[in-house]
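# Sequence and predicted structure, then a few things I'm wondering about:
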Amino acid sequence: MIGERVELARVARGMSQRDLGSAIGVSPMAISKIESGQSIPTFETLRAICDATKLSPSFFDRQSLHLPPPLYRRRSSLGKKALKHVEALGSLQVEAILCAWDSAGIRLPVRTRNLAGSTPEDAAIATRRLLGLPDDKPVDHLLAALEQAGCVVHQLAHSDERLDGFSTVHSDRPVIILGPGREGGGDRQRMTAAHELAHTVLHQRGGVEHSQAETEADQFA
């Protein structure tokens with residue numbers, strides 16, 4: 001478990017095995033062995049990893065959240081390394097949110113539904129009703145409505161600016177990760193949030209071509 005947590009922390013901080021090894025004075029091979037479970041870090045090594053990744057020792061004692069892979073991604077032109085970084089960062093921060101909810105006794109029921117097979121328009125109307133929104137009026141506070149419906153919505157304020165967002169589902173709870181924001185400000189962010197909500201509503205089961213899924217998500221949004 002520690003090795004898995006070390007890898008998550010390293011990737012979320014945008015570090016290679018060589019970067020982390022250099023930061024704590026060990027070889028990349030030593031980091032690889034820790035992450036694969038072939039070796040267990042000493043107390044001193046784990047303390048150094050905490051310092052290098054700016055995470056507390058308790059982080060490395062917890063079970064990993066294991067967010068499922070993103071259903072689809074906005075701006076998939078991001079390179080594989082950059083995508084892996086933002087996905088790990090999103091996983092780390094969503095884990096912190098859910099842990100905080102649990103500690104505070106927050107139990108938000110999920111009001112969205114899996115509507116795979118519906119048209120984007122029908123799914124949008126059904127989702128509006130599930131969220132307690134009118135059928136034919138602008139949504140004044142979309143992010144607040146999503147959070148009140150039990151969705152986890154989080155913005156990666158310091159991630160790659162090319163990222164609009166991505167989404168997944170954890171224990172039937174939609175998770176929507178937004179990028180740091182670019183041109184268009186709030187309007188673009190709202191469009192991205194609605195687009196990613198569409199993926200959690202329409203595409204949980206997969207089986208849809210990426211281009212078709214993106215078109216459907218835009219129509220839903």
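Okay, I see it.
# Grab the nearest non-local neighbour of residue 146.
Counting by Cβ to Cβ, 6 or more residues apart in numbering, residue 146 lies nearest to residue 153, which is 5.3 Å off, once chain neighbours are set aside. To be clear about C-beta, it is placed using only N, CA and C from the backbone, and glycine gets the same treatment.
# and the host helix or strand of the one you found, average pLDDT?
If you go by DSSP states H and E, residue 153 is part of strand 152-155. Averaging pLDDT along strand 152-155 yields 92.
# which residues are in contact with that strand?
Where contact means Cβ atoms under 8 Å, 6 or more residues apart in numbering, the residues beyond strand 152-155 that reach it are 90, 93-94, 97-98, 143, 146-147, 170, 173-181, 189, 193.
# Residue 216 against residue 122, yeah?
No - when contacts are counted by Cβ atoms under 8 Å, residue 216 is not listed as touching residue 122 (11.3 Å).
# Show me which of those two is the more surrounded one.
The neighbour comparison of residue 216 against residue 122 (other Cβ atoms under 10 Å) goes to residue 216, with 23 against 12.
# Wait, a strand at that one?
No - using DSSP: H, G, I helix; E, B strand; the rest coil, the assignment for residue 216 is helix, not a strand.
# mind listing what it touches?
By Cβ under 8 Å, 6+ apart, the neighbours of residue 216 are 120, 198, 202, 203, 208.
# Can you tell me which of the residues you listed is nearest residue 61?
residue 203 (34.8 Å; Cβ to Cβ).
# How many neighbouring residues does that closest one have?
When neighbours are defined as other Cβ under 10 Å, residue 203 has 22 of them.
# Likewise for the one 10 residues further on?
Neighbouring residues of residue 213 were enumerated by other Cβ under 10 Å; the total is 18.
# Next, find the distance separating residue 78 from residue 167.
As defined by Cβ to Cβ, to the nearest Å, residue 78 lies at a distance of 15 Å from residue 167.
# Neighbour count: the two, which is higher?
Higher neighbour count among residue 78 and residue 167: residue 167, with 29 against 20, using other Cβ under 10 Å.
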